[in-house]
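K.L.:
coords below, sequence missing:
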């Protein structure tokens with residue numbers, strides 16, 4: 001007759017949730033490799049986001065400033081670029097005119113008033129947002145206060161408005177997303193790495209997966225009935 005009791009050979013310290021999801025070296029190495037792929041993708045995203053932030057910061061510290069005014073403001077939207085992206089994205093577009101020497105006007109457009117020096121024309125844009133309400137609040141900022149300082153790229157057509165708040169010019173949504181991404185997968189990587197180090201202290205064939213439950217045999221049932 002088979003004994004209904006079995007003595008477990010698993011370490012007592014291995015009775016945890018990690019033993020369920022990371023039961024052996026093979027699965028732990030596989031999951032660690034997957035996490036490393038997510039970390040690599042996150043690193044690329046962080047580099048792109050950091051590059052965008054640095055570019056914005058550098059422009060606002062190094063581009064020359066001219067006096068100008070806002071001539072038109074409008075909220076624009078778009079969807080995409082992915083075909084799966086059906087959420088509209090909004091941004092505000094400011095048309096500005098500012099005073100610079102003709103050789104410094106690189107926007108390709110000038111506005112001429114008879115008897116006055118020509119004005120350089122350009123377009124400044126805010127960052128994008130998924131909130132139309134937020135975009136409308138940006139729209140209101142210069143509707144009744146058109147006089148502005150204008151940053152203009154000395155090497156190209158880029159235009160920015162002086163004194164824009166940080167929450168308007170930096171991609172905070174992506175910053176928070178990438179920070180959370182790296183923290184989450186970085187934590188998972190540390191956990192799997194520690195789990196793998198622990199498994200290396202055990203025999204190579206060690207597996208904490210519970211053994212399959214065997215079906216009772218006919219002989220066992222007969223023995224149970226006779227006892």
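P.N.:
Received the coordinates, thanks. For clarity, every value in this text was computed on a predicted model and none was experimentally measured. Numbering: from 1, shown residues only.

K.L.:
which residues of this structure fall in helices?
P.N.:
With DSSP state H as the criterion, the chain has helices at 17-21, 25-62, 132-139, 166-169, 172-199, 218-226.

K.L.:
now do the buried residues in stretch 189-209.
P.N.:
Within stretch 189-209, the residues that count as buried by 16 or more other C-beta atoms under 10 Å are 189, 191, 192, 195, 199, 206, 207, 208. Glycine gets a C-beta too; all of them are placed from N, C-alpha and C.

K.L.:
from those, which has minimum pLDDT?
P.N.:
Within the set of those, pLDDT is lowest for residue 208 (76).

K.L.:
isn't that one right up against residue 25?
P.N.:
No. Using C-beta atoms under 8 Å, residue 208 is not in contact with residue 25, being 11.0 Å away.

K.L.:
quick one on the thing from earlier: looking at the helices of the chain, which is closest to residue 100?
P.N.:
Ranking the helices of the chain by their distance to residue 100 (criterion: C-beta to C-beta) puts helix 25-62 first, at 15.9 Å.

K.L.:
could you give the mean pLDDT of the closest one?
P.N.:
For helix 25-62, mean pLDDT rounds to 94.

K.L.:
what pairs with the longest strand seen in the chain, parallel or antiparallel?
P.N.:
Scanning the chain for the longest strand, with DSSP state E as the assignment, gives strand 65-78. Looking at strand 65-78 with DSSP bridges, its partner strands are strand 89-98 (antiparallel), strand 147-152 (antiparallel).

K.L.:
which ones are touching residue 173?
P.N.:
By C-beta atoms under 8 Å, 6 or more residues apart in numbering, the contact list for residue 173 reads residue 129.

K.L.:
which pLDDT value goes with it?
P.N.:
At residue 173, the pLDDT value in this model is 86.

K.L.:
relative to residue 87, how far out is residue 46?
P.N.:
Distance from residue 46 to residue 87, counting by C-beta to C-beta, to the nearest Å: 23 Å.

K.L.:
now residue 70
P.N.:
Distance from residue 70 to residue 87, by C-beta to C-beta: 28 Å.

K.L.:
what do you get for residue 191?
P.N.:
Distance, residue 191 to residue 87, by C-beta to C-beta: 33 Å.
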